[in-house]
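S.K.: Any chance you could fold what I've pasted below:
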Amino acid sequence: MTALGCCVDAAVSPHPYAFSSWDSTLPAAVSPPSAAAWSPAHSAMLYRVDRWGAPYFAVNASGNISVRPYGDDTKPHQEIDLLKVVKKASSPKSSGGLGLQLPLVVRFPDVLKHRLEALQSAFDFAVESQGYEAHYQGVYPVKCNQDKFVVEDIVKFASGFRFGLEAGSKPELLLAMSCLCNGSPEALLVCNGFKDIEYISLALVARKLQLNAVIVLEQEEELDIVIQASRKLGVRPIIGLRAKLRTKHSGHFGSTSGEKGKFGLTTAQILRVLKKLEQLEMLDCLQLLHFHIGSQIPSTGLLADGVGEAAQIYCELVRHGACMKVIDIGGGLGIDYDGSKSQDSDISIGYTLQDYASSVVGAIKLVCDGKGVKHPVICSESGRAIVSHHSILVFEAVSSTSYHDSQQVSPAELGYLVERLNDDARAVYRSLSAAAMCNEYESCMLYAEQLKRRCVEQFKEGCLEMEHLAAVDGLCELVDKAIGIGISDPVLTYHVNLSVFTSIPDFWGIGQLFPIIPIHRLDERPAMRGFLSDLTCDSDGKIDKFIGGESSLPLHQVEGKGGGGYYLGMFLGGAYEEALGGIHNLFGGPSVIRVTQSDGGQSFAVKSAVPGPSCGDVLRAVQHEPEVMFERLRQRVEELVGGGGCAAVVDGLACSFNNMPYLGNGKCSDQSYGAVVAGAEEEEE
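M.R.: Down below sits the predicted model:
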């Protein structure tokens with residue numbers, strides 16, 4: 001017993017924090033700094049902010065995440081403190097805030113504009129430097145993020161360089177047609193996806209409205225529908241076709257490409273389309289070639305291979321008499337989610353924006369020059385690379401718990417436990433004590449596990465009480481710590497006010513990783529490690545994989561008696577997450593705020609704010625009728641409660657229908673849900 005007690009005493013002594021993430025961020029000879037010497041720069045290295053966040057995100061001197069809306073051109077006074085934006089959004093209106101409830105999506109239109117300009121600039125430079133004799137004009141695939149402000153901002157910001165939109169369904173086509181009425185008349189409206197007569201008729205109506213709509217054939221039989229509809233409407237169509245390339249990449253995002261891909265025409269089908277168009281004297285209508293290697297193309301070598309193959313097809317179409325003008329290289333321009341610049345990862349890329357543009361231009365020029373074909377206009381459908389950076393999901397950790405939550409075992413409790421053990425369990429306990437006295441660590445582990453198993457068996461038989469079971473758990477945990485099993489800090493469960501299924505569906509669905517870090521307290525050394533558990537009643541509702549190959553994240557202690565006030569941000573999630581999110585457990589989407597940089601001594605301006613869907617909104621989305629439900633409950637309250645408490649209960653029910661489903665302060669919102677606060681005054685820091 002004395003030896004075991006010594007082991008236990010040693011087990012509870014403090015141990016240094018284990019920073020596994022430092023292995024890849026600091027030289028081997030450099031040790032993690034002490035808590036007193038910790039600085040924001042250390043946090044930037046620990047969370048790899050300078051790798052995945054450049055040039056839009058950094059850690060400022062206050063230890064908060066700073067947004068740099070103009071990338072490397074951002075001046076110090078133009079940087080936006082993300083924590084101050086969150087405080088402004090979430091503070092009550094009575095104290096000058098906007099009264100929004102978290103979780104919160106913060107959009108930065110300035111970042112969106114900068115991404116568009118950077119993409120265009122990269123292609124412009126490649127075109128000029130390589131002597132390419134045509135230009136680049138991209139389209140944004142609205143499926144990445146169909147939000148009204150996102151799409152309208154893209155059309156507005158990029159109208160000067162003929163940027164257009166790509167649609168893959170009838171609602172997206174209607175959306176694109178409407179938005180492009182305010183865009184450049186030369187902007188392309190690329191019509192992709194499976195099509196019926198109504199879809200194709202809409203695209204032809206777009207041409208009547210003087211929109212530059214191109215109907216891309218995804219299947220051979222779509223050509224017959226195009227011919228039928230164009231004759232009926234009296235509109236000569238502009239046709240593109242999507243080719244199934246042999247080139248594809250092996251990662252998850254390349255699974256839809258290649259010869260067996262979901263979309264596109266084979267070589268034989270392309271030849272049949274050419275023949276039919278020639279017979280109908282419509283070869284002049286075929287003007288665009290489209291292809292798609294797959295999203296997140298990892299290397300420029302693979303990119304150049306695919307583009308070169310497509311350029312050969314383009315030249316063959318010209319040889320057959322098609323009036324070709326545009327080569328649409330599809331999507332695939334990736335972003336570096338983890339900052340590793342790896343060519344062998346689904347969440348990283350091994351090239352820059354300029355590398356990408358130069359590879360595309362060079363590959364097309366090489367083939368066309370060799371075939372003596374006029375250089376085509378280059379179009380790309382880069383969505384992820386345009387919108388990912390401009391949107392940040394901010395959510396709150398409300399509490400944290402540990403797996404190791406056993407109570408301390410006093411000598412009296414230990415003696416009482418031993419007295420209640422049966423002969424087999426008591427024999428195991430004696431063996432454990434003897435092994436501890438001889439410092440036989442492996443035997444201690446074995447006997448501790450046997451003791452716990454024997455005690456569980458006795459509990460199931462009704463021979464031990466819960467207090468005894470808790471005592472043996474505590475004893476075994478102390479033994480584990482004493483012999484080194486629990487020597488590092490435990491991994492905590494951080495409970496976050498979020499639904500993974502609603503706001504980060506790609507993590508749950510395909511294992512997509514996003515940078516997730518605290519947005520403040522980065523001037524403090526994180527003393528814990530943890531994974532994130534969401535609000536849903538689902539075991540999959542957790543985030544336990546992080547960039548850098550980590551299964552837990554360095555985090556700070558959640559402070560305060562009631563917890564909360566500890567804000568985390570998920571970055572680079574502006575593409576797909578909002579469009580894919582569901583309402584599992586009837587958790588709706590987050591609140592949304594749009595923030596622009598503001599000069600003149602003020603750091604940012606709130607342009608619009610939209611509270612997230614209320615409980616009533618999400619109930620209505622699944623065919624319930626909140627008004628009927630409320631009336632039924634109100635009548636029940638009046639029947640069964642009565643008296644002075646009736647009105648309070650009814651008011652509480654009304655609040656519940658009108659508040660967001662997420663954890664809140666229990667008070668009715670001071671703003672009607674679903675309303676939009678537009679054109680807010682510029683706010684000082």
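
S.K.: CA only for contacts and neighbour counts going forward, please
M.R.: OK.

S.K.: which stretches of this structure have low pLDDT?
M.R.: For the chain, residues meeting the criterion pLDDT under 70 lie at 1-32, 34-35, 248-262, 403-409, 481-489, 560-564, 600-602, 665-685.

S.K.: Quick check, central residue of it?
M.R.: Ranked by distance to the mean C-alpha position of the chain (Cα atoms, centre = their mean), the top residue is residue 573 at 3.2 Å.

S.K.: any idea how far residue 339 is from that one?
M.R.: Here the distance between residue 573 and residue 339 works out to 15 Å (Cα to Cα, to the nearest Å).

S.K.: I figured the residue nearest to the centre of the chain hits residue 385, correct?
M.R.: No - assessed by Cα atoms under 8 Å, residue 573 is found out of contact with residue 385, at 10.6 Å.

S.K.: one step back: just list the residues touching the residue nearest to the residue nearest to the centre of the chain when sequence neighbours are not counted, thanks.
M.R.: With Cα to Cα, 6 or more residues apart in numbering as the measure, residue 388 is the residue that lies nearest to residue 573, at 5.2 Å, once sequence neighbours are left out. By Cα atoms under 8 Å, 6 or more residues apart in numbering, the contact list for residue 388 reads 571-575.

S.K.: Pull out the buried residues from the longest strand anywhere in the chain.
M.R.: When every strand of the chain is counted residue by residue (DSSP state E), the longest turns out to be strand 391-402. Buried residues in strand 391-402, defined by neighbour count with 16 or more other Cα atoms under 10 Å: 391-400.

S.K.: Show me what it is packed up against.
M.R.: If you count contacts as 3 or more Cα pairs under 8 Å, 6 or more residues apart in numbering; DSSP states H and E, strand 391-402 packs onto strand 104-107, strand 491-496, strand 566-570.

S.K.: Out of the ones you listed, which is closest to residue 193?
M.R.: Residue 193 sits nearest to strand 104-107 of all the helices and strands packed on strand 391-402, at 28.4 Å, using Cα to Cα.

S.K.: from the buried residues of strand 391-402, which two are the most distant?
M.R.: By the measure Cα to Cα, 391 and 400 form the most distant pair in these, at 26.7 Å.

S.K.: From what I see, residue 464 and residue 455 are in contact.
M.R.: Yes - between residue 464 and residue 455 there is a contact under Cα under 8 Å: 7.4 Å.

S.K.: Neighbour count: those two, which is higher?
M.R.: Neighbour tally, residue 464 and residue 455, criterion other Cα atoms under 10 Å: the higher count belongs to residue 455, 25 against 18.

S.K.: What's the first helix or strand after the helix or strand hosting the more buried one?
M.R.: When elements are assigned from DSSP states H and E, residue 455 belongs to helix 441-460. Scanning forward in sequence from helix 441-460, with DSSP H and E defining helices and strands, the next element found is helix 466-482.

S.K.: So which elements touch that next one?
M.R.: Where contact means 3+ Cα pairs under 8 Å, 6+ apart, helix 466-482 is packed against helix 2-11, helix 411-420, helix 441-460.

S.K.: The longest one vs helix 411-420, what angle?
M.R.: Right, helix 441-460. Between the axes of helix 441-460 and helix 411-420, defined by axes from the mean of the first three to the mean of the last three Cα atoms, to 10 degrees, the angle is 70 degrees.

S.K.: which of the residues in helix 441-460 are buried?
M.R.: For helix 441-460, burial by neighbour count (16+ other Cα under 10 Å) applies to 441, 443-445, 447-452, 454-456, 458.

S.K.: quick revisit: okay, the angle between the helix holding residue 455 and helix 466-482?
M.R.: Direction vectors for helix 441-460 and helix 466-482, defined by the same axes, to 10 degrees, enclose an angle of 170 degrees.

S.K.: Helix 441-460 - contacts with which helices or strands?
M.R.: The contact analysis (3+ Cα pairs under 8 Å, 6+ apart) places helix 441-460 against helix 423-437, helix 466-482.

S.K.: Which strands or helices does the first one pack on?
M.R.: If you count contacts as 3+ Cα pairs under 8 Å, 6+ apart, helix 423-437 packs onto helix 2-11, helix 441-460.

S.K.: so that helix versus helix 441-460, what angle?
M.R.: Going by the same axes, to 10 degrees, helix 423-437 is angled at 150 degrees with respect to helix 441-460.

S.K.: ok, back up a step: of the buried residues of strand 391-402, which is the nearest to residue 314?
M.R.: residue 391 (36.7 Å).

S.K.: Can you name the residues bridging to that closest one?
M.R.: residue 107 (DSSP bridges).

S.K.: Relative to residue 57, how far out is it?
M.R.: When distance is defined by Cα to Cα, residue 391 is 12 Å away from residue 57.

S.K.: With residue 631 instead?
M.R.: As defined by Cα to Cα, residue 631 lies at a distance of 49 Å from residue 57.

S.K.: The two: which has the busier surroundings?
M.R.: Here residue 631 and residue 57 are compared on neighbour count by other Cα under 10 Å; more neighbours surround residue 57, at 23 against 13.

S.K.: Touching, that one and residue 49? I think so.
M.R.: Yes - taking Cα under 8 Å as the contact criterion, residue 57 and residue 49 are neighbours in contact, 7.0 Å apart.

S.K.: Mutual contacts of those two, please.
M.R.: Common contact partners of residue 57 and residue 49 (Cα under 8 Å, 6+ apart): none.
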